[in-house]
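Novice: prediction below, plus the sequence it came from.
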Amino acid sequence: MTIALTACFIFLAFTGCEEKVIPVSTDGYTTTDSGLRYKIEKEGTGKSPIAWDTVVVHYEGKLLDGRVFDSSYEKKKPIMFRLSRVIDGWTEGVQMMKEGAIYHFIIPPELAYGDSSAGSLITPNSTLYFKIELLEVK
């Protein structure tokens, strides 16, 4: 048993295997006219941003197969940006939120990166999942 476990750990160390990846559930979402899908985890009570506002958010981005491609939660630091300077799905979706809200979004390629790739995991025509927590509208 010890030999098998040691071999397993050595295998994981050399292959870079990650924890089990769980695909994103697409049930229970509402779809906007643009094709953006959203689900509300928690309603907020603060201000709602407009496209030209700067916002502070925590987020996690995944492919639909469950692989995480970016996460401010993992970095333990929220990000701040002007809402008009991100992908269209974010600009549209975050404007629906109020400070304190947590929404889940499924963003089709035409509202994300379209036929372009971004980073090593996002390939052309990728549908993306985001969990976004709106912390502050500046």
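Specialist: Noted; the coordinates are in hand.

Novice: which stretches of the protein have low pLDDT?
Specialist: 1-20 (pLDDT under 70).

Novice: which stretches in it count as helices?
Specialist: 2-15, 72-75, 88-94 (DSSP state H).

Novice: look up which residues are beta-bridged to the closest residue in space to I40 that isn't next to it in sequence.
Specialist: Counting by CB to CB, 6 or more residues apart in numbering, Y103 is the residue found nearest to I40 once chain neighbours are left out, at 5.7 Å. Quick note: C-beta positions are derived from backbone N, CA and C, even for glycine. Judged by DSSP bridges, the bridge partners of Y103 are I40, I132.

Novice: just give the number of residues close to Y103.
Specialist: 20 (other CB atoms under 10 Å).

Novice: ok, it - contacts?
Specialist: 38-41, 93, 96-97, 131-132, 134 (CB atoms under 8 Å, 6 or more residues apart in numbering).

Novice: who's in contact with stretch 28-43?
Specialist: By CB under 8 Å, 6+ apart, stretch 28-43 touches 26, 88-89, 92-93, 96, 98, 100-108, 110-111, 131.

Novice: are any of the residues you listed buried, and which?
Specialist: 88-89, 92-93, 96, 101-108, 111, 131 (16 or more other CB atoms under 10 Å).

Novice: one step back: any quick PyMOL command for the buried ones out of the contacts of Y103?
Specialist: To isolate the buried members of these in PyMOL, using 16+ other CB under 10 Å:
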select buried, resi 38+39+93+96+97+131+132+134
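
Novice: now, which of the contacts of Y103 sits nearest G66?
Specialist: K131 (12.5 Å; CB to CB).

Novice: tell me who's in contact with that closest one.
Specialist: So K131 contacts 41, 59-60, 102-104 (CB under 8 Å, 6+ apart).

Novice: mind running it again at 10 Å?
Specialist: Each residue near K131 by CB atoms under 10 Å, 6 or more residues apart in numbering is listed here: 24, 39, 41, 58-62, 71, 73, 102-105.
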